[in-house]
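> below are the sequence and a predicted model; questions follow.
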Amino acid sequence: MAARWKEWLTGWAFVFPAVALFAVMGVYTIGSGLALSFASWNGFTPEWIWVGLENYADLLWADPSLAPGVRRAAWNTLQVCVAVPLLTVLISLPLAVTLNSVRRLRGLLRSVYFLPYVTTGIATYYAWRYLLEPEGSINLMLRSAGLGSLAQPQGWLANPSTALWTLILILVWSAVPTATLLYLTGLQAIDPSMVEAARIDGAAPRQVLRRIIVPLLTPMTAGIVLLGVRDSLHGFQIFLIMTNGGPGGHTNVLALETYELAFFKGLAPTLGLSSALGWLLFVGAVLLTLANARLLRRVR
Amino acid sequence: MASMKARILSLAAAATVAVAGCSSGGGGQPGEPAASGQSITMWTFKQSHAAALQKAAEQFTAQTGIGVKVEAVTPDDVFKSKIQSAAQTGDLPDVLEAHAAGEDLELGASGLLADISGDVNDAWKGRFLPSTQNAGVLDQGRIDRAAADSPFKQAKAGSMYAVPFTAGAFGIVYANKEKLQAAGLSPDTPPASWEEFVAALKTSTEKDPQAGGLSLGLKVSQVGFNWVYQPLAHAYLGKEKFQGLFGKDTAAGFGSPDGVKTLDLYSQLTPYWMPGATTLGIDEADIAFAQGKSAYNVGGTFTLAFLAQNGMSPDKVLTFPIPPSAAGAHKDIVMAPLALTSLGVTSTSKNRAAALKWLDYVTSPSGAGLVAKESLDLPATDLGAEAATLMGPELAALQKYFTGDPASTYDAGDTTFFPGGYDQVKPGDAFVRLSPLKELDPAQAGKELDAIFGAMWKSAE
């Protein structure tokens, strides 16, 4: 009995620091954030004013100066959420298959394609801004190639019809390295004899890819899509740094709106609204994850 | 042991303070005296003020023996979150420099800044430019207009949470003299009207389509609305009709014939924005101007310092306020100086007397002049005839836009006619869609702006 008690105590002694840390840094902050979504607070007053579900109602429909902007941001977020994971998969899967089949300079090529991941996000966003300026390299290249009609005289981020899609492409550019790496890991785990058997049976490379490799990589695809959705829902740095939601609100997304409500409304008591929007994003992420998991299960 | 020592030392310091009996100097008579040998801390959100304040602090320490440690916390959102964290953990500094007539009042009403109305007497207030004197005072009107959940509702009218520190005005146009000359325009004569200004923009843009236009940081969408449109509309309509634009009555709003006319004037800028203006922040637009990427730039009186920091000599720019339309009610625009930043003593400060003494010094003509000269930022302290000596000729010259016919005076600090919970980003976005995006014509923009302000009034109810 004493030995079991001692074992139990030893176990808890090892686990306690992690549990305590999670209780303080995890449970407390999550609980506090959830509670804040039912309150009005500017971050400074000693007391919160409890408002019940008012923050959620204001964001969704009740406040005429807030809800329309949130809806526009939701539409932009949805476009990002669908386009980024989809394009990431469409680019990184063939890229990984190609890299996997390359025999010469494989290490170098993998390093080159992984480079966007290891460079700091904010620094690359600034670099992209220079490339996308009216006199930036992208326009310069287009004009040099005789495609001046495609160049954007105001820059790619100043034109409402190109701004959001330019940001989406940059997000895809930064997501492709991780996705490619995951696919490469998945490809190396596929039993080569399966591919070999298919080839002996006369399957063309396209059929091998479609009928064998892609289905076997479904778990990887699920992971990549989930990561893409998560990043698209929560990421706001690129929107803040590159466009600040502009021009004229055309690239505002929900995560940026959350940040703006928390820090850029003077000292108005909007932290509760910001928290409520954060929780709505969380619910959205959970629903999308469940839908994605279900869809992929059906495909499998 | 260390804690015991600290307690003994603080008790000794408190005893020294109690017996020293020295007053705050200047106009202030704080409730408790400050002691030599004390040290206070101050946070500012303005990087350009930190070195200047530290230099003033050295003078202050030499005079009083009180040390001052100044720390710049930038950008604004980091400053705000640091204050939030420090307020929760009780680690606020003794003095805060905040945005005047808004942020300082919010901090005070939230209990972070002390009410210093009993310490700042009339003589001290009398040092400041008249339009800035009460910037740190919470009046009943502001309490009445505040939303129901605003901390203002819990605060006492008449509380003074800060003294004005720097002042200035928005809507100052900076023109590159070399580019004006190259375009055949006079480098010394500002345009007399909006129409002349637009014609000059046309000339400079035709001469240099890539770098002859107007820069403004429209990535912060509200700057076009605040810095260009509002002074222009105020001069065109006169004060009463201008304020009517923002009211509940849409018959007098932005969609009214008068409102649409003002939007039409603003939209005349559309062909002349520098390429990519909507992707530039305020600082980036100023830098672009300093680098010669535009011929004109709109900013505030504070922009001169930033241009100088970025290599543009003040003598190479022609400055003038946004010119009024020749067809408008007023033929001049006078910019009422408003307090831009202010200084408050935190309510948790253990060194209140020393902090007030520092505020007293740094808002005195010598202290304010020293900071102004070092930071190239206009002080709220009226330096009178000594302005040019204390601040330098270029900075002093900007003050000439502050005086003139009271009827033509545009006061950006007057927010009494805005709806409670006024959010300038939403109308700012509509203005960007009007110009330069051309997604809305003036009549459509007028309707959209009326809808935006209507929603704000409804939300405020």
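The structure has been received and is ready for your questions.
> interface residues of chain A facing chain B?
Within chain A, the positions lying close to chain B (C-beta under 8 Å from any C-beta of the partner chain) are A:40, A:42-46, A:49, A:51, A:63-66, A:68-69, A:129, A:133-135, A:153-155, A:157-158, A:160, A:242-244, A:246-249, A:260, A:263-269. The way it works is simple: take the backbone N, C-alpha and C, and place the C-beta from them, glycine included.
> can I get the buried ones among these as something I can paste into ChimeraX?
In ChimeraX, this line selects whichever of these come out buried by 16 or more other C-beta atoms under 10 Å in any protein chain shown:
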select /A:40,42,43,44,45,49,51,63,64,65,66,69,129,133,134,154,155,157,158,160,242,243,244,246,247,248,249,260,263,264,265,266,267,268,269
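> show me the residues of chain A next to chain B that map onto strands.
A:40, A:49 (DSSP state E).
> which of the residues of chain A next to chain B fall in helices?
A:68-69, A:129, A:160, A:242, A:260, A:263 (DSSP state H).
> of those residues, which is the nearest to chain B?
Lowest distance from chain B to these (C-beta to the nearest C-beta) belongs to A:F263, with 4.0 Å.
> isn't that closest one up against B:D77?
Yes. Counting by C-beta atoms under 8 Å, B:D77 is a contact partner of A:F263 at 4.0 Å.
> most widely separated two among the ones in helices among the residues of chain A next to chain B?
A:P68 and A:R129 (28.7 Å; C-beta to C-beta).
> who are the packing partners of the helix or strand A:A276 falls within?
A:A276 is part of helix A:271-299, with elements assigned from DSSP states H and E. Here helix A:271-299 touches helix A:29-36, helix A:54-57, helix A:218-234, helix A:254-263, going by 3 or more C-beta pairs under 8 Å, 6 or more residues apart in numbering or on different chains; DSSP states H and E.
> tell me the angle the last one makes with helix A:271-299.
With axes from the mean of the first three to the mean of the last three C-alpha atoms, to 10 degrees as the basis, helix A:254-263 and helix A:271-299 are set at 160 degrees to each other.
> for chain B, which residue is closest to the average position?
B:L340 (2.9 Å; C-alpha atoms, centre = their mean).
> what's the spacing between the helix or strand that one falls within and its chain's center?
Assigned by DSSP H and E, B:L340 belongs to strand B:338-345. Counting by C-alpha atoms, centre = their mean, to the nearest Å, strand B:338-345 is centred 9 Å from the centre of its parent chain.
> now do the helix or strand following that strand against strand B:338-345, angle only.
Following strand B:338-345 in sequence order, the next helix or strand is helix B:352-362 (DSSP H and E). Helix B:352-362 and strand B:338-345 are oriented at 150 degrees to each other (the same axes, to 10 degrees).
> what packs against helix B:352-362?
strand B:39-44, helix B:47-64, strand B:95-99, strand B:338-345, helix B:365-375.
> between these, which one is nearest to A:V84?
helix B:47-64 (35.4 Å).
> average pLDDT for that closest one?
Averaging pLDDT along helix B:47-64 gives 92.
> with stretch A:129-147 instead?
Here the average pLDDT along stretch A:129-147 is 92.
> CA atoms of that stretch as CSV?
Output in CSV follows, covering the C-alpha atoms of stretch A:129-147 (Å, rounded to 0.1, in the frame of the first residue of the first chain):
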residue,chain,number,x,y,z
ARG,A,129,5.8,44.6,-50.6
TYR,A,130,8.8,46.0,-52.5
LEU,A,131,8.4,43.4,-55.2
LEU,A,132,4.7,44.3,-55.6
GLU,A,133,5.2,48.1,-55.7
PRO,A,134,4.3,50.1,-58.8
GLU,A,135,7.9,50.2,-59.8
GLY,A,136,8.7,46.8,-58.2
SER,A,137,10.3,43.8,-59.7
ILE,A,138,7.0,42.1,-60.7
ASN,A,139,5.8,45.0,-62.8
LEU,A,140,9.4,45.4,-64.2
MET,A,141,9.5,41.8,-65.2
LEU,A,142,6.1,41.9,-66.9
ARG,A,143,7.1,45.1,-68.8
SER,A,144,10.4,43.6,-69.8
ALA,A,145,8.7,40.5,-71.1
GLY,A,146,6.3,42.5,-73.2
LEU,A,147,3.4,41.9,-70.9
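> and for residue 82, the neighbour number?
If you meant another chain, say so; for now it's chain A. When counting by other C-beta atoms under 10 Å in any protein chain shown, one arrives at 15 neighbours for A:V82.
> can you look at chain B instead?
Counted with other C-beta under 10 Å, B:K82 comes out at 17.
> how many residues are close by A:A83?
For A:A83, using other C-beta under 10 Å, the count is 18.
> measure it to A:L93 for me?
According to C-beta to C-beta, to the nearest Å, A:A83 and A:L93 sit 16 Å apart.
> same check, this time on A:A23
Taking C-beta to C-beta, one finds A:A23 at 41 Å from A:L93.
> do the same with B:D377
B:D377 is 56 Å from A:L93, by C-beta to C-beta.
> for A:N55, give me its contacts.
A:37-40, A:272-273, A:275-276 (C-beta atoms under 8 Å, 6 or more residues apart in numbering or on different chains).
> change it to 10 Å
By C-beta atoms under 10 Å, 6 or more residues apart in numbering or on different chains, the residues touching A:N55 are A:36-40, A:62-63, A:66, A:261, A:270-277, A:279-280.
> equivalent analysis for B:A396, please.
Counting by C-beta under 10 Å, 6+ apart, B:A396 has contacts B:372, B:378, B:383, B:386-390.
> circling back to that earlier point, sheet partners, orientation included, of the strand holding B:L340?
strand B:95-99 (antiparallel), strand B:163-168 (antiparallel) (DSSP bridges).
> mind listing what's buried along it?
Under 16+ other C-beta under 10 Å, the buried positions of strand B:338-345 are B:338-345.
> mind checking the SS state of B:K331?
When classified by DSSP: H, G, I helix; E, B strand; the rest coil, B:K331 comes out as coil.
> thought B:P324 was touching it, still the case?
Yes. Contact criterion C-beta atoms under 10 Å: B:K331 and B:P324 qualify, at 5.9 Å.
> overlap in contacts, these two.
With C-beta under 10 Å, 6+ apart, B:K331 and B:P324 have common neighbours B:192-193, B:235, B:408.
> residues near A:W48, how many?
Neighbour number of A:W48 under other C-beta under 10 Å is 17.
> let me redo that: B:R145
18.
> OK, contacts around it?
B:152, B:415-422, B:460.
> out of those, which end up buried?
B:152, B:418-422, B:460.
> tell me where the model's unsure across the chain.
All of this is about chain A. A:1, A:120, A:299-300 (pLDDT under 70).
> nope, chain B please
B:1-37.
> and it, split by domain according to the record?
B:21-167+B:339-382, B:170-335+B:405-460 (automatic domain parsing).
> and the end-to-end length of stretch A:57-71?
13 Å (C-alpha to C-alpha, to the nearest Å).
> quick check: residues of the stretch 1-150 of chain B near chain A?
Within the stretch 1-150 of chain B, the positions lying close to chain A (C-beta under 10 Å from any C-beta of the partner chain) are B:75-81, B:83-85, B:87-88, B:98-99, B:102-113, B:146-150.
> now, the residues you listed that are in helices?
Using DSSP H, the residues of the stretch 1-150 of chain B next to chain A in helices are B:76-81, B:83-85, B:87-88, B:103-109.
> would a markdown table of the domains of chain B with distance to A:P116 be doable?
Below are the domains of chain B laid out as a markdown table (distance: least, C-beta to C-beta, whole Å):
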| stretch | distance to A:P116 |
| --- | --- |
| domain B:21-167+B:339-382 | 26 |
| domain B:170-335+B:405-460 | 22 |
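> winner for burial among the strands paired with strand B:338-345?
strand B:163-168 (a mean of 29; mean count of other C-beta atoms under 10 Å in any protein chain shown).
> any idea how far that strand is from the chain center?
8 Å.
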